[in-house]
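Participant: Okay, predicted coordinates and the sequence, questions at the end:
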Amino acid sequence: MKNIKFFFNSSIFIFYLYAQNNEQTSVNNVFFIDNFKINSNELESQLELKPPSVFTFNSVDFDRRLLKLDAINIKNYYNSRGFLQASVRDSFTVNNGLVDIFFIVREGSQYFLKDVKIMGLNSVDNAKILAKLGLFKGQPYNPIKINKKLSIIDEVLQEKGKIFATINVEQVIEDSVQIIIQVDEGKNIIINDSWISGAERIDTTYIRNEIEFKSDELFNKKKIDKTKRNLLQVGFFSSVNIVAHPVLDQDSLVNLEVRLREFKNVGETAFEFGFDEIEYVPGIRSLVGLGGSINWTDRMIFGTKNRFETDGSVVVPTEEGFIFPRLGIDVKISNQRPLSINFPTQIKLFFQQFKNFGDEYGPYVRRFGIQYSNIFRWNRQRSFLDLGATFERFDESAVFSEDIEQRKFKIHLNQDNRDNPINPKSGNVIIARLDSYGGPLGGNRSYVKYSIDFRNYITIFNHITLATRVNSGAIVGWSDAYDQYETILFEKFYLGGSNTLRAIRPLRFLTNKTDNYDNDGDGAIDEEDESNSIPSGKTAMFLTNLELRFPLPWRLGGVFFADGGNIYNSSAEINYNDLFWNYGFAITLNLPVGPLRIDYAQDSKDSSVNQIQLGFLYAF
C-alpha cells in the first residue's frame, strides 16, 4: 500500500512539474497608464520583468511575485521623486505564452522641499552636513533618500567622539515639505580600556602594534576603521570586529573589545590548470599560454609572523616562436611588520627556464635571482606603492658573448579608483612605473625605463560602459649593444596582441624585416633573409585605446573598440599624427573569475591586416 501511495504522489508531482514547464510564459510588452509626470522609459528601468530590448533581447520568464514587487518598486520610485500619495495597480493578459503587463498609475501631487533645519547639531557645520545629505530647497522631496543618508550624521559624530547620538526626523507636509532633523549628540565618549579576544596563535603584543586608538583618548571612528584594515592586512585573521561596551555607571566611558577570528588552516595548497596570460614584455600581458601551477602558502611559517609562499608553474605559449614550455618557480617570504616596524617587506627568490625566441633546437636559458620589495597598500588594498630592487642572472649560452647580469631599482605606483577591478563601470586608474637598471647597482646594462598609464571608465545609458586608456613610455640611456639580449628580455617597448594593438600578432607591430634596421649586421636594411616573425622593439611608445562595452543575452557581452599606437626611437619622435589605428569587435563570456574574450580587429587602412585574439579579462 505504501508503494502504491508513493507511486501515486510521485506521479502527481511529475505531472505538476511537466504542467508548470509547459505553462511557462515570458514577458512580451509592458505598458504604463496615466503616468503623466514620469516617462515610461524611466519607469521601466525600475522593473525586474522587462520586455526584450536591444540590450536584453532574451526573453524574461513571467512571475506573479515579481509583478507585485515591480508595482512596489514603481510606487517607491514615485515616492522618491516627491509623489507622496502615488499608488500603482498591476494587471496582465496572456496570449500564446506571451504576457502583456499593465501598470495603472495614480500619481497625485508632487511635493518639493521648502526648508530644512537641523536642530541640536553643534559639533559639525550644518551647511556641510546638508551638502553631504544632498538636501537643497526647491528639489523634489525624497523621504527614502533622507532615511538612507541619516547615517552620514551618525558617522560624522562618531569621528567627534559621540557614539550614542540619537537622530529623529520630523516632516511638515502642506503644499510643500519642511524637514526638521532633531539631533541629540550626547556626551563625548572616552575610551576607558580595551582588550583582545579570539587570538590563539598570534600574541597580543603583535596585535596591539596594529591598533591605532589608545586608552583615555576621545573615541574616533577613523582610528577604529584604520585598526580593522591594519589587522586584516597582516593576513592572519578572517574577520575583525571592534565592539564598544558601556562602562557601568559611567555614561561617558566605553571599553573596546577587538574581536578576532583567525584563519583555521595555516597552510594551504592550490592547483590551477588552463589558459593564462603571459607577461613577456614587463608590465604587458601580451601572450596566451596553456599550462598549470601549484601554490603552497603558510601564513605563519615555523610559528613566526612571516608569510611563506611558493609557486611552481609550467606554461606553453600558443604563439609561433614562443611555443616552448616555460618553467617558473617562485619562493616568497613577507612580513607586514618586521622587527615591530610598520614597513611591509617581501623577499622573493625566482627561477625560470625557457628558450630563446625562435631557437627551437638551441639550449634552454635559465634565469634566476632575488627581488626585494616594500609594498605599501591603501584604498581597499587595490592601490599600492612598490619600492624595491632586483638582482638577476642568466646562465651562459652560445648565443651570447657573456653571461647576462642585470640589476635594477624600481618605483611602481598604482592608484586604483575603480568601482570594480574586474568589471569597472566608473572611476579611473593611474599606473606609473620607473625602473633604473645598472648605475650604482652594477650589472651588464645601465639605462632608465619609465611609463605612465591612465585609464578612465564611465557608464552611459545605464548599460554601456565607455572605457579609455592613454599609455606612454620611454627608455633613456639605451645602447645598441644591449639588443643582443632582447630576444630573451624584451625590455624595449613592443605593440601587438590582445591588450595593445589587436590587429597585430603579439609583439609584432615591427619585426626584423620591417623595422628599418640592419639586424644581422651585413649592411643591408630589411632584406629578405631577415625574419618577419622576430619582434622588434624601440625605446619609446605611445598607445591609446577606446572601448564601448555592453551586455548581451545570458552571460555574454560585446565590445566595440579602437586602438591607436606606435613605437619610436626616442620620446622626441612621438607624433600623434603617426599613430597606426585598428578597430574591431569582441565577444566576452562573463565567468566568475572575470570575462573571457575573443577579439577580431583589422587595420583602419588595410583590411588584409587583421587578427583574431584570445584574451582574459578586459584589455584594460
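Facilitator: It's in.

Participant: And the helices in the stretch 151-300 of the chain, which stretches?
Facilitator: According to DSSP state H, counting those that start in this stretch, the stretch 151-300 of the chain carries its helices in the segments 204-208, 221-233.

Participant: worst average pLDDT in those helices?
Facilitator: If the helices of the stretch 151-300 of the chain are sorted by mean pLDDT, helix 204-208 sits at the bottom with a mean of 87.

Participant: Tell me the spacing between residue 496 and residue 289.
Facilitator: Computed with CB to CB, to the nearest Å, the distance linking residue 496 and residue 289 is 16 Å. Every C-beta, even on glycine, is put in place using the N, C-alpha and C of the backbone.

Participant: what about these two, which has more around it?
Facilitator: Higher neighbour count among residue 496 and residue 289: residue 496, with 24 against 21, using other CB atoms under 10 Å.

Participant: contacting residues for the more buried one?
Facilitator: For residue 496, the contact set (CB atoms under 8 Å, 6 or more residues apart in numbering) comprises 286, 504, 505, 506, 507, 508, 509, 535.

Participant: Identify all contacting residues around stretch 127-146.
Facilitator: By CB under 8 Å, 6+ apart, the list of residues contacting stretch 127-146 reads 76, 79-82, 84, 110-116, 118, 121, 149-150, 152-153, 156, 169, 171, 176-177, 179.

Participant: tell me the centre residue of the protein?
Facilitator: If you average the C-alpha coordinates of the chain and look for the closest C-alpha using CA atoms, centre = their mean, you land on residue 421, 0.6 Å from that point.

Participant: How about that one, nearest residue that isn't a chain neighbour?
Facilitator: Take residue 421 and drop its neighbours on the chain: the residue closest to it by CB to CB, 6 or more residues apart in numbering is residue 382, 5.9 Å away.

Participant: Next: residue 613.
Facilitator: If the residues on either side of it in the chain are set aside, residue 613 comes closest to residue 498, at 3.9 Å by CB to CB, 6+ apart.

Participant: sorry, back to before: next, find the distance separating the residue nearest to the centre of the chain from residue 315.
Facilitator: 23 Å.

Participant: Return the helix or strand in the chain with minimum mean pLDDT.
Facilitator: Least confident helix or strand of the chain, by mean pLDDT, DSSP states H and E, is helix 2-22 with a mean of 45.

Participant: what's downstream of that one, the next helix or strand?
Facilitator: With elements assigned by DSSP states H and E, the helix or strand that comes after helix 2-22 is strand 26-33.

Participant: Identify each buried residue in the very next helix or strand once past that following strand, please.
Facilitator: Following the chain from strand 26-33 toward its C-terminal end, the next helix or strand by DSSP H and E is helix 40-44. Residues 43, 44 are the ones in helix 40-44 that count as buried (16 or more other CB atoms under 10 Å).

Participant: likewise stretch 152-163?
Facilitator: 153, 156, 157, 158, 159, 160, 161, 162, 163.

Participant: In strands, which of the residues you listed appear?
Facilitator: Residues from the buried residues of stretch 152-163 lying in strands, with DSSP state E as the criterion: none.

Participant: circling back to that earlier point, next, the residue nearest to residue 613: secondary structure please.
Facilitator: Three-state assignment for residue 498 (DSSP: H, G, I helix; E, B strand; the rest coil): coil.

Participant: Next up, phi/psi of it, please.
Facilitator: Dihedral angles phi and psi of residue 498 (degrees, to the nearest 10) take the values phi -70, psi -10.

Participant: contacting residues for it?
Facilitator: Counting by CB under 8 Å, 6+ apart, residue 498 has contacts 277, 286, 288, 506, 597, 599, 613, 614, 615, 619.

Participant: one more time with 7 Å
Facilitator: If a contact means CB atoms under 7 Å, 6 or more residues apart in numbering, then residue 498 has 599, 613, 614, 615, 619 as its contacts.

Participant: distance of residue 198 from residue 239?
Facilitator: Here residue 198 is placed at a distance of 9 Å from residue 239 (CB to CB).

Participant: tally of neighbours for the nearest residue to residue 180 once chain neighbours are set aside?
Facilitator: Among residues not flanking residue 180 along the chain, residue 170 sits closest, at 4.4 Å (CB to CB, 6+ apart). Around residue 170 sit 11 other residues, with neighbours defined as other CB under 10 Å.

Participant: thought residue 170 was touching residue 177?
Facilitator: No. Because the distance of 10.7 Å does not satisfy CB atoms under 7 Å, residue 170 is recorded as not touching residue 177.

Participant: Please parse the chain into its domains.
Facilitator: Using automatic domain parsing, the domains assigned to the chain come out as 23-106, 113-184, 190-262, 267-616.

Participant: what about the last one, start to end distance?
Facilitator: Going back to what we said before, that points to domain 267-616. Distance between the boundary residues of domain 267-616 (CA to CA, to the nearest Å) amounts to 29 Å.

Participant: ok now that domain, how far from the chain's centre?
Facilitator: When distances are taken as CA atoms, centre = their mean, to the nearest Å, domain 267-616 is centred 18 Å away from the chain's centroid.

Participant: as a whole number, average confidence for it?
Facilitator: Taken as a whole, domain 267-616 has a mean pLDDT of 86.

Participant: Now do the SS call for residue 52.
Facilitator: Using three-state DSSP as the criterion, the local structure at residue 52 reads coil.

Participant: how many neighbours does it have?
Facilitator: Going by other CB under 10 Å, the residues that sit close to residue 52 add up to 15.

Participant: measure it to residue 381 for me?
Facilitator: As for residue 52, its distance to residue 381 is 41 Å (criterion: CB to CB).

Participant: Likewise for residue 301?
Facilitator: Applying CB to CB, one obtains 22 Å for the distance of residue 301 from residue 381.

Participant: Of these two, which one has the most company?
Facilitator: Comparing residue 301 with residue 381 by neighbour count (other CB under 10 Å), the higher total belongs to residue 301, at 15 against 11.

Participant: OK, contacts around residue 414?
Facilitator: Contact criterion CB under 7 Å, 6+ apart gives 383, 384, 431 as the residues in contact with residue 414.

Participant: Now distance to residue 452, neighbour count and secondary structure too, for those residues, in a markdown table please.
Facilitator: Written out in a markdown table, the entries for the contacts of residue 414 read as follows (distance: CB to CB, whole Å; neighbours: other CB atoms under 10 Å; DSSP: H, G, I helix; E, B strand; the rest coil):
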| residue | distance to residue 452 | neighbour count | secondary structure |
| --- | --- | --- | --- |
| 383 | 15 | 16 | strand |
| 384 | 16 | 16 | strand |
| 431 | 7 | 18 | strand |
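
Participant: what would those residues look like in JSON lines with distance to residue 592?
Facilitator: JSON lines is the format used below for the contacts of residue 414 (distance: CB to CB, whole Å):
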{"residue": "383", "distance to residue 592": "24"}
{"residue": "384", "distance to residue 592": "25"}
{"residue": "431", "distance to residue 592": "25"}
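
Participant: so who does residue 81 touch?
Facilitator: 38, 140.

Participant: the strands in the stretch 101-250 of the chain, which residues?
Facilitator: 113-119, 166-173, 177-184, 190-197, 237-247, 250-262 (DSSP state E, counting those that start in this stretch).
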